[in-house]
Structures are given as C-alpha cells and as structure tokens.
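Colleague: Give me coordinates for this.
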Amino acid sequence: MNSSQTYQLNQIAQIIGGTLVGKADFEIDRLSIDSRTLVLASNTLFFALEGDRHNGHDYIQDLYEKGVRAFVVRKPIEKDLFEDCNFISVKDTLKALQVLSSHHRKHFSYPVVAITGSNGKTIVKEWLYQVLNPYFRIVRSPKSYNSQVGVPISVWQMEKEDELAIFEAGISQSSEMGNLEEIIQPTGGIFTHLGTAHQENFEDSRSLLLEKIKLFKSCDWLVYCSDNAIVDQEIAAYCDEKTELLSWSKTKDASLQIFSVGHVDRYTCIKALYKGKEKTIRLPFSDVASIENAIHCWLTFLHLGLSDDNIRKGFLDLQPVAMRMELKEGQNNCLLINDFYNSDLSSLIITLDMQNQYAQGRKKTLILSDILQTGLDKENLYAQVAELIELNKVEKLVGIGDHISSQSDLFKCESIFYPNTETFLKTIDTKVFKNEIILIRGARNFRFERISSALQNKAHRTILEVNLTAMVHNLNYFRSLLDTKTKLMVMVKAFSYGSGSSEIANLLQYHRVDYLAVAIADEGVELRTEGIRTPIVVMNPELHSFETMLDYNLEPEIYSLSVLKNFESVIKKSGLKNYPIHLKLDTGMYRMGFVGSELDELIGYLKDNPHFYIRSVFSHLAGSDEEIHDDYTQSQINKFEVWTDKIRAEFPYQIDRHILNTSGIERFPKAQFEMVRLGIGLYGVSATNQNKLMNVSSLKTTISQIKWVDKDQTVGYSRKGKLNKKSRIGIIPIGYADGFNRKLSNGVGHVLVNGKTAPVVGNICMDMCMIDLTDIDAKEGDAVTIFGDDYSLNKMAEQLDTIPYEILTTVSRRVKRIYFQE
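Modeller: Numbers count the residues shown, from 1 in each chain. Below is the predicted model of the structure:
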C-alpha cells in the first residue's frame, strides 16, 4: 500500500528505533509485507515479518530480484550479497510496522472513524463509504484489513487530501486492541455487534467485549445499540465523560429511538425519533443483520450532520457489499474473476494478486471501468493503474469508460477501449477470448455482471459454491494444532473431494503446504499441466503409469516389493538416480502396505540402492475419529514408531514419518512425527471440533417450476409420491446424475428454501426432482440449498447413513463449480 507522503530511510529508522545500513536519503512511499503481493518495487519498504510458519527474511532474495531495495529486518543480512540495498535492523519487525503507521497517523487532523464488533464491520464500513463518498474524500480499510498487520497497512494510506478516514479493527486474542487503538487513534467509533466469534480465546463474552471497546478509549463519540444490556452497561462504564455516547434502541430511550420497522415487498421502512423529531428511511433489504448494520450507519450520518434527504437517497441507493471475489469457468478455456462491485485502486492490487495466483500459464486480461471518486487527477490515477498492469504482467486491457479511454496512451500492453458497457457488449465477439484468465472489475454503475454473464459458460443452474476463504481458515486451524516444524501433506484426490482439482491445489500452493496427495497418476498430471509445482504423491500408483509419473515428477507410494521392483525397472531405463518414494506400512488397517515381517527384506533391497530416495514412511489409522477405538489407534502408532525407527536407522539421511489424518491431528497431537496428512478437515468436516471449522462447499440450485397438484395424485416415476392433500410442488434441476442420491427420495431427504426445509416428493429423477412447497413462501427462480452453511453436509450424511466424504466426492463434474474469496 502506498501513501502520497514520502519518508526518507533515516527518518523511518529514527521513528521505529532501528539501525540503518544504507542510503539515508532513500525515499519510501509504499509498504509491503508479502512478497507474493508486491505491487510496485520502486520506493517500497518491505517488512520481514515472522510467524510460526513463515519468515519474511526467507523472501528477501526474491524481492531483491523484483527490484525492492529497502527492508526492515530482525536477522542480520549479508549486505554484500545485495548491491545497492538498504536495511533497517530492529528487534521486532511487526512492532516496527505498527509504530511507523502510528507515527504516520499523527500527521492528519481530519475525523477518523473506527469500527469493531463480532460481525458487520466490513459491511458498515462499506455502507458508510457508499453514502458519504459524494460529500467527502474518504480513505478506508481495503476489504477486511482489520488485523494487527492489516490495520497499519490501512492507516498508511492516509493522505493530506483526504477528509474522512474509516477503518475497521478486529481481534482474536486478549491484549490486541490496545495496539490497534494506538495506530488508528480514532476520533469516532462504531460498535456493531457482540457475538461468539473468537470467544474461545476469552473467558466469557464480557471479557471479549472489554477487549474490543478499548478501541474507543479516546473517541469523541461512539455509536452502538443499547438493547444488549451487557454492551450498554460496559460501554457506559468504560467511556469517560468526554465521549458522547450515541445509542440506538428498539425498546428504550436512546439517541435514536426506533419505534417502527415494517416490510413492504423487499424493502424495509424504519421510523425513529432523533432529538425529538421523527425520521424515516427505506432500505432495499429485509434481513435482521442488514437492518442492524443500517441503523448503525443511520445514527452515524445524523451525528455527522448529513441532511435527511441525502440520508434517504443514500439508503435507497444502497448496494449489497461484495464480500467475495468469484472464480468461474468461462468460454474457450477461460477463467473469470468477478469483482465488479469494487473499483478503488487499493483493492485492485488485491484482485490482481488473485489473478496471478490462478493464471498458471493463461494469458492475463483485465476488463476495467473508470475508477471513480479517488480525488486524484486522471493522468496521475491511470499512470498508477498502468504501472500496476505492467508490474503484474497483464497482457491485455479492456478499458470501459470515458476517463480511462482518455488516458489510453499510458498503457503499454495490448489494449482496447469502449465508452460504456453497452458498446462493449454490442461490438465484442466473445470468441476472441481464449485460454485467458480474465479479471472483470468495475464500478457499480457500469454493471459489469452483464459482461461476466456474456463470457461465462452457459451451463446447468445447479452449482457447487466453494468458499476459498473458509478453506484457508480451516487450513490455518489445523496448522495451529501442529508444532512449527511439522510438515503438512494435503489430500486433493478425487477432484479435491469434489471441490475441483487445480483451483484447490493453486490455493494450497499459494499457502505453501509441503505436499499434495492424489489417488492416481492422471490426477497428478492434471495438476502439473495446470502449473502446480508443489511436490505431489500418488497414493495408488498403477504399473502402466510409472513412466508418466517420471515425466511429470510425481512421487509414488510404494506398498509392496513387487511394485518397488516394477518401478525400479522403469527408473533404470530412464537413467534417473535417487528418485523420491514414499513407503506405506500396514499397521492395522489391513489394506495396502508392508507388514512387519517384510521390513528386513525391504530394507535390504533399498539399502545402497542408487535408484531410490526414501522421502517418507507412513501408515493409515483405522479408527482415529472414534473414542471407542483409541486403544487400537495408540497400538497402531506404537507399532509405526517401532517399525519406522528400524527403517530410519539403516539410512544416512532424513526420512519423514506421517500417520495422522484429520481426526488424528485433532485427537492424537503427540503422534505428529515429521508430517501429518490433512483431508476432509480442509473442507470443514471434523469428528470432534466442528465449531472450529467453516463450511467450504455449498450445493445450490433454483426452482424451475411450481404447480398445484390435487390430493390423491402421484408425483414422479413409479407413482411413489402419493399426495394426501392438495400440494404446491416445486421442480428443481438436480438429480442423481448430479450427485443427489436417489435414496433421499420420498421424504427421506430435505432441501432448504427461503430458510425452511422442503421434503423431497416422489422418486429423485436423473436430472431433476420434486419438493413440497405447500407451506413455504417461494416462487420460481428462488434459490434452493441442498447442503451448505445453513443446511449442513452432516445432516444429509445422517439421512443417507453415510459419511460426508461420500457426498462430496459424488457431486458430478457436470455441476459447475464457483470459487470465491471473501
């Protein structure tokens, strides 16, 4: 992130208490913390942050090669290796980043609004921005940058030309909010909601609340809902008399007294009293959370002096906040990244990073609208855009809008410009886009969703949504259970448990897992052809695939001497030496693997054999998810340790061991050895700690048709769906060919429609099925959830008397996968 204000390195060293080796007058206006998301190398200062599983110092060489010449480090660096480089040494690089941003914040005297709470922070921030943007030049947190790292990066964006700042702050541990308050130094605050998020790290909800409200220590005013008694009491007790408490309530006297909330169609009309006068707004939303978020904004607007007319207009024009970027399949082997509700410069950086992450050999194309209301002159603004495009190696630009078109000479890549979206849609031939990853990004009024619709594959209305943000959350949860040196192998076999192979592998590679595991060689080949470089283990290698495995650098599981000898014959022909293999031991699953009596022969065959290098030895646990089998599981672990000690003692190099699967990671942490294998847990399923994980996959469809069917009539094949009353039947386009199991027919299975469960009527057909909507307010085109956030995969597994694995892996490939990041 960059700021228009520049600092010299000697100033920065003094501010953060560091020692500078390099040019004192080297100027800085950009900060970076992640080598993967570097925007512009010139005038960038990189902070080498350290965590349990990452160390920024490891990427200095890569950044140097990209052109970065200034670093804040903790570890000594051999400056002779980096010509013309500048280093500031400090004791704590994260603290240095926070101190620098806190110093930067002190240069500005305009209002700064800070938002915290368990939910709603980003939505409230974005709605404040939507309504206030016509009247103020606003700087705000990009996306959900609200952490110990995200907040200083957000605050660094502040410039003297801004008139209002809006930042969100989030915590997950005690003693974190004080740091964020010192960085943001807010003049006003909004507390959105007290929920259970991160409560596991606090004694109770009260202690969580007390930590959060430290953000408002020096605020001039604070907006909150006083209907929660704990929130009302603790805020009143914490804030001193100089903080004006602006409360709203539906049940008692407050600064904004809500006395009526009514719903007409999909609008909500809210009436309230403010300073003795009646006020009214209409919202284009009707859900409880949106109403609560909007009232926080309403009271803030009133306090800031916005006129009633401008408030009413702002709320009527309010748009849903795009909390996610979608990755969809396009025509002609294209991938589409949809981010067509944001157009500011700072979040363009984030979406370009996502494009880089998933490009994997595809041509990079950017469809970009005018970037509105930045406060920058057009030439300066689009010069920065052009620099971003060049740095990220975007090969083709489609610019839409008068402003970007007027600056066409700034762009060096292949480019074409249109005055508006309508002209683009009328003149473009979608066939010109081939083998490209297309980032579609525009301001709301350009309605780029029409472009996405024109370019994406026209397919089945049944979709599987895959939440990549939730997947990363789950990955980090399991990493938090591991020792810092424990490696992680992630299972991506069976189309990544139905979620999609290359898309998931790309994400895991980006987050630097140590190994990927597939079932058969063809799955590994597909990943390699999509640009996956992470080591890949083939768990069930077939003899005919050995040559292919060598061609694509795939590492086989070896489970018998016959397989080992067959693989050796192929290696000998290739002339390769020390090829990595993974030995499978059978400690009690009684599936594939070497047993104890075979170890001596195995060791004798491999010892001093020049063709093989044992990368790891592993085994499978038979019942690690069930307490009833704990003694047996422990006996497997004990046997594994004895056997692997015997093997490792005979070889002069490190051989990793792994026996823990998802449930083993959670239930047997002492058996981590050097590596563990993560499978179904990545996708949000746990036998013991389901509340710690987020759902990843949601299978959804829509209602194709609704009809009334008389009593005593039958619905579907074999006339199984006999009706005992006149019923309203919905037809949905999902059947057993899509993975909706036929055993869910005739009322066994249910789906979710507008928050209510609808039973399946009659037999499930190949491509569709029928559901009972008699008691549900629904219309054709409404969404139907087969499983997802609000209707769990585990519930369907119980109905089928099976396991979640089976359901996920049987979702047909004809069901379109849509990937999104929040």
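Colleague: so is the residue nearest to L381 when sequence neighbours are not counted in a helix, a strand, or just coil?
Modeller: Residue nearest to L381 in three dimensions, not counting chain neighbours: T374, with 5.7 Å by C-beta to C-beta, 6 or more residues apart in numbering. In short, each C-beta sits where N, CA and C put it, glycine included. Look at T374: counting by DSSP: H, G, I helix; E, B strand; the rest coil, its state is coil.
Colleague: How much space separates T374 from M592?
Modeller: 60 Å (C-beta to C-beta, to the nearest Å).
Colleague: Over to V90?
Modeller: For V90 relative to M592 (C-beta to C-beta), the value is 52 Å.
Colleague: So those two - more neighbours on which side?
Modeller: Here V90 and M592 are compared on neighbour count by other C-beta atoms under 10 Å; more neighbours surround V90, at 20 against 16.
Colleague: Settle this for me: E379 is touching Q407, isn't it.
Modeller: Yes - between E379 and Q407 there is a contact under C-beta atoms under 8 Å: 6.4 Å.
Colleague: Among these two, which residue is more densely surrounded?
Modeller: Between E379 and Q407, counted using other C-beta under 10 Å, the more crowded position is Q407 (19 against 12).
Colleague: Let me know the secondary structure of the closest residue to the more buried one other than its chain neighbours.
Modeller: Of all residues not flanking Q407 in the chain, Y382 sits nearest, at 3.9 Å (C-beta to C-beta, 6+ apart). Y382 carries the three-state label helix when classified by three-state DSSP.
Colleague: What is the neighbour count of Y382?
Modeller: 25.
Colleague: D777: what secondary structure?
Modeller: Quick answer, by three-state DSSP: D777 is coil.
Colleague: Give me the phi and psi angles of the residue nearest to P142 when sequence neighbours are not counted.
Modeller: Using C-beta to C-beta, 6+ apart and skipping the chain neighbours, the partner closest in space to P142 is S346 (4.4 Å). The phi and psi values for S346, taken as degrees, to the nearest 10, are phi -70, psi -40.
Colleague: ok, now Q157?
Modeller: Torsion angles, degrees, to the nearest 10, at Q157: phi -70, psi -10.
Colleague: Next one: it from V617, what distance?
Modeller: 50 Å.
Colleague: Could you do R137 as well?
Modeller: Distance from R137 to V617, by C-beta to C-beta: 61 Å.
Colleague: Contacts only, for the residue located most distally from the centre of the chain.
Modeller: Using C-alpha atoms, centre = their mean, the residue of the chain lying farthest from its centre is D712. It sits 49.2 Å away. Residues near D712 by C-beta atoms under 8 Å, 6 or more residues apart in numbering: 722-724.
Colleague: Kindly report the same for P541.
Modeller: P541 neighbours (C-beta under 8 Å, 6+ apart): 520-521, 549, 556-557, 563, 567.
Colleague: which of those has the most neighbours?
Modeller: Neighbour-wise, these (other C-beta under 10 Å) top out at P556, 25 neighbours.
Colleague: Could I get the phi/psi values of the closest residue to that residue other than its chain neighbours?
Modeller: Leaving aside its chain neighbours, P556 sits nearest to P541 (4.2 Å; criterion: C-beta to C-beta, 6+ apart). Dihedral pair for P541: phi -70, psi 140, per degrees, to the nearest 10.
Colleague: what about stretch 394-406, average pLDDT?
Modeller: The pLDDT scores in stretch 394-406 average 96.
Colleague: you'd agree D789 is up against L693?
Modeller: No - checked against C-beta under 8 Å, the pair D789 and L693 is beyond contact range at 11.9 Å.
Colleague: Please identify which of the two sits among more neighbours.
Modeller: Higher neighbour count among D789 and L693: L693, with 19 against 16, using other C-beta under 10 Å.
Colleague: Report the contact partners of the more buried one.
Modeller: Shown in contact with L693 (C-beta under 8 Å, 6+ apart): 473-474, 477, 681, 684-686.
Colleague: got it, and D25?
Modeller: D25 touches 8-10, counting by C-beta under 8 Å, 6+ apart.
Colleague: coming back round to it: tell me how many other residues crowd the residue nearest to L381.
Modeller: 16.
Colleague: residues in contact with it?
Modeller: Contacts of T374 (C-beta under 8 Å, 6+ apart): 344-345, 381.
Colleague: quick one: which of those residues is nearest to Q636?
Modeller: Closest approach between the contacts of T374 and Q636, by C-beta to C-beta: D344, at 54.2 Å.
Colleague: S369 is in contact with that closest one, correct?
Modeller: No - the criterion here is C-beta under 8 Å, and D344 misses it with S369 at 11.6 Å.
Colleague: Looking at those two, which has the bigger crowd around it?
Modeller: The residue with more neighbours, out of D344 and S369, is S369; 26 against 17, by other C-beta under 10 Å.
Colleague: Throw the contacts of T374 into CSV and include pLDDT and distance to T365, thanks.
Modeller: Below are these laid out as CSV (pLDDT from 0 to 100; distance: C-beta to C-beta, whole Å):
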residue, pLDDT, distance to T365
D344, 71, 20
L345, 76, 19
L381, 90, 21
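Colleague: hmm, back to that, between R137 and V617, which has more neighbouring residues?
Modeller: Neighbour count, other C-beta under 10 Å: between R137 and V617, V617 has more, with 24 against 15.
Colleague: what's near enough to touch the more buried one?
Modeller: Per C-beta under 8 Å, 6+ apart, neighbours of V617: 582-583, 585, 643-644, 647-648, 655-657.
Colleague: if we can go back for a sec, could you export the contacts of D25 to JSON lines, including columns for pLDDT?
Modeller: Below are the contacts of D25 laid out as JSON lines (pLDDT from 0 to 100):
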{"residue": "Q8", "pLDDT": "96"}
{"residue": "L9", "pLDDT": "97"}
{"residue": "N10", "pLDDT": "96"}
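Colleague: Which ones among the residues you listed lie within helices?
Modeller: Counted as lying in helices by DSSP state H, out of these, are 9-10.
Colleague: Now flag whichever of the contacts of D25 is closest to K707.
Modeller: Among the contacts of D25, L9 lies closest to K707 (C-beta to C-beta), at 72.9 Å.
Colleague: now the closest one: how far from S42?
Modeller: 14 Å.
Colleague: And the protein, what are its domain boundaries?
Modeller: The domain map for the chain lists 2-93, 108-316, 326-458, 466-692, 697-821, with the assignment taken from automatic domain parsing.
Colleague: Same list (these) but as CSV, adding distance to V99.
Modeller: As requested, these are exported to CSV (distance: least, C-beta to C-beta, whole Å):
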stretch, distance to V99
domain 2-93, 5
domain 108-316, 9
domain 326-458, 22
domain 466-692, 26
domain 697-821, 30
